Each structure stands twice: as C-alpha cells, then as structure tokens.
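Chemist: missing the sequence, but the structure's below:
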C-alpha cells in the first residue's frame with residue numbers, strides 16, 4: 001500500500017463484486033469524453049456537456065480476497081444520483097473491471113473539504129473515503145469499456161501530467 005501513490009494512473013484489472021448499498025457520490029462533477037480535436041495529437045479528455053452530475057464511488061469486493069476497494073464507476077447526471085433510478089446499471093454478479101489506480105486529489109482538497117459525517121463528498125480523498133465506508137485505501141477509476149449499460153459512464157479520469165520543460169529552459 002505504501003507504493004500506491006507512485007502508481008498513479010497505473011492500469012489494473014480486478015475481478016469481484018460491487019456493494020451498491022455503500023456507494024457514495026463525489027459532486028458536483030462534469031462528464032468527460034474522449035474527443036478528437038484539430039491541432040492536437042491523439043484523443044483528449046473534454047467536457048461533454050454542461051450537465052452537472054456526480055461520480056459514483058462504489059466499494060468493490062475483490063474476488064478471493066477479504067477486502068474491498070473503492071471504484072469510481074463514472075459519471076451520472078444529477079437526476080440519476082439515486083441508485084433506484086439506474087437499476088439496470090447496478091450489476092450484482094461477479095465481474096471484471098479495468099481501470100487506473102488513483103491517489104488523493106491534494107490540489108483540490110486544499111479548497112474543497114469533504115464532510116464524511118454528512119455523507120458530502122467534494123473531492124477524492126482516498127484515506128478519508130476508505131475510513132468512512134470501511135474499505136482498503138485503494139482507489140480505481142473504471143474505464144468505459146467495462147462500464148455497465150444503464151450505469152455510470154466510466155473513463156472519467158482527467159489525466160494531468162506535470163510539464164516542466166518551460167521552467168527547465170528558463171533555469172538553464
């Protein structure tokens with residue numbers, strides 16, 4: 001567990017079952033989609049619409065292990081926050097997910113504070129969320145290819161890599 005922060009964005013494949021009774025929402029969030037844009041090399045994440053929503057975080061019982069992890073299943077619009085409005089996407093069977101390992105979002109955590117006792121979540125704080133819903137402090141953003149039809153829309157990872165090239169030029 002100590003090396004997890006070093007594995008940010010590392011792709012993983014996990015088999016298990018969701019526990020929908022303990023899901024939490026990080027809100028507000030906008031939906032991200034991969035888009036091709038002129039003057040860019042390759043696909044980029046882009047805000048798909050101005051429709052506000054939430055990310056659905058669901059405990060996932062890892063197969064053949066005695067612990068749960070946190071999985072960001074993806075985006076739902078505000079009118080689908082209640083799990084009863086998206087029953088088709090509440091898969092109960094064991095299945096495999098693919099995703100990216102994530103760590104705490106420290107940048108946004110400075111300004112946005114979660115209120116676990118009120119079940120209000122504004123930012124991804126892995127340790128705080130894991131403690132609140134009793135999971136291991138492991139967080140995966142599920143990719144769209146393993147999202148369930150009728151459920152949250154996966155691939156909501158906004159990858160931000162530091163680019164220090166300009167500062168190196170100025171320094172040297």
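Modeler: Cool, the structure landed. In this text the structure is predicted, and so the values were computed from the model without any measurement. Residues are numbered from 1 along each chain as shown.

Chemist: does the residue positioned nearest the centre of the chain sit in a helix, a strand or a coil?
Modeler: Nearest residue to the geometric centre of the chain (Cα atoms, centre = their mean): residue 72, 3.2 Å. Under DSSP: H, G, I helix; E, B strand; the rest coil, the three-state class of residue 72 is strand.

Chemist: who are the neighbours in contact with residue 70?
Modeler: By Cβ atoms under 8 Å, 6 or more residues apart in numbering, residue 70 lies in contact with 57-60, 126, 129-130, 133, 135, 137-140. (C-beta placed from N, C-alpha, C; glycine too.)

Chemist: Which residue is the nearest non-sequential neighbour of it?
Modeler: Spatial nearest neighbour of residue 70, chain neighbours left out: residue 139 (4.5 Å); criterion: Cβ to Cβ, 6 or more residues apart in numbering.

Chemist: right, and the one you found touches residue 102 too?
Modeler: Yes: using Cβ atoms under 8 Å, residue 139 is in contact with residue 102, at 4.7 Å.

Chemist: neighbour-wise, which of the two wins?
Modeler: Neighbours were counted for residue 139 and for residue 102 using other Cβ atoms under 10 Å; residue 139 has more, 25 against 21.

Chemist: Check what pLDDT the more buried one gets.
Modeler: Note on residue 139: pLDDT of 93.

Chemist: What does it show for phi and psi?
Modeler: Taking degrees, to the nearest 10, you get phi -130, psi 130 for the backbone angles of residue 139.
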